[in-house]
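Chemist: can't give you the sequence, but here's the structure:
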């Protein structure tokens, strides 16, 4: 079974304008869309698109939490959300004109009892299951909460981490199965510029040396670098055209990796599928469907 944890899920309201947003103005949307949001939830949605069941975990509250749960379940995803009493699930606003302006909400207040309820759900995860810890940790939660989750799983559980560097760095010594930074996060982690693929490979190996079993570095239109547990390194080009919306593309990579690995047990194949899946979402409006992912994967040829 696959479990995804989103410590601060959201409802994402995407609003398009016909003119440029200006402070103090009065504007009418020409298009709007409401989506369930948060890295773990995006991963669960893409997993469902690829034919894999997962359970989405996290904290929700208020009317927005009710709607988030409704939309998530309507997507066919199992949920194990902890409902908290104070505050509301954050509502993030993305305003699109000639650029994109993002406003992220605050999220609910989570108590120690709420955290313990989620820990108890994580404790039942079985050996050889997959646990994905995704996204930043909001200020309302202990900043080491992912370590707490990690330390409460059974031996043999495969943990995948897709978080900012300040969150994943203390977790490396726990030997996660996969860590997926993007290029900017990797540069931030090492405090140096990575100007070519050889330097990115060297940097990915540095993360492996600190404990990660496998490292997948997403690089947008330049594809990805993958270094596996046997120190094999691959530079994988991105298929498809120009990006439409990169929101959820990195999350889709995680889902693609998991779905292929469960089917093939081949790390290289999983990395190629990860790149195809991320490219599909980047060049699609929303989380891409399975058919489009397969189309792009076939464009990449045999491994």
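Modeler: Okay, I see it. Since we're looking at a predicted model, the values are computed, not measured.

Chemist: Name the spans of the chain whose pLDDT lies under the cut-off.
Modeler: For the chain, residues meeting the criterion pLDDT under 70 lie at 303.

Chemist: That one: strands as residue ranges?
Modeler: Chain-ordered strands for the chain, with DSSP state E as the definition, fall at 2-6, 10-16, 31-37, 54-60, 78-79, 82-83, 90-96, 100-103, 130-134, 158-162, 178-179, 214-218, 224-227, 233-236.

Chemist: OK, contacts around residue 198?
Modeler: Taking Cβ atoms under 8 Å, 6 or more residues apart in numbering, we find residue 198 in contact with no residue. C-betas here are computed from N, CA, C, even on glycine.

Chemist: before we move on, back to that, between the strands of the chain, which gets nearest to residue 298?
Modeler: In terms of Cβ to Cβ, the element of these nearest to residue 298 is strand 233-236, at 14.8 Å.

Chemist: Any buried residues in that closest one, and which?
Modeler: Within strand 233-236, the residues that qualify as buried by neighbour count (16 or more other Cβ atoms under 10 Å) are 233, 234, 236.

Chemist: And stretch 150-163, end to end?
Modeler: Using Cα to Cα, to the nearest Å, the span of stretch 150-163 from its first residue to its last is 14 Å.

Chemist: which of the residues in that stretch are buried?
Modeler: For stretch 150-163, the buried set under the neighbour-count rule, 16+ other Cβ under 10 Å, comprises 150, 153, 157, 158, 159, 160, 161, 162, 163.

Chemist: Dump the residues you listed to CSV, plus distance to residue 92.
Modeler: As requested, those are arranged in CSV below (distance: Cβ to Cβ, whole Å):
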residue, distance to residue 92
150, 27
153, 29
157, 30
158, 29
159, 26
160, 23
161, 22
162, 18
163, 18
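
Chemist: re the thing from before, the strands of the chain into JSON lines, with extra columns for distance to residue 249?
Modeler: Converted to JSON lines, the strands of the chain look like this (distance: least, Cβ to Cβ, whole Å):
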{"stretch": "strand 2-6", "distance to residue 249": "16"}
{"stretch": "strand 10-16", "distance to residue 249": "14"}
{"stretch": "strand 31-37", "distance to residue 249": "14"}
{"stretch": "strand 54-60", "distance to residue 249": "18"}
{"stretch": "strand 78-79", "distance to residue 249": "23"}
{"stretch": "strand 82-83", "distance to residue 249": "28"}
{"stretch": "strand 90-96", "distance to residue 249": "15"}
{"stretch": "strand 100-103", "distance to residue 249": "14"}
{"stretch": "strand 130-134", "distance to residue 249": "13"}
{"stretch": "strand 158-162", "distance to residue 249": "12"}
{"stretch": "strand 178-179", "distance to residue 249": "17"}
{"stretch": "strand 214-218", "distance to residue 249": "8"}
{"stretch": "strand 224-227", "distance to residue 249": "11"}
{"stretch": "strand 233-236", "distance to residue 249": "14"}
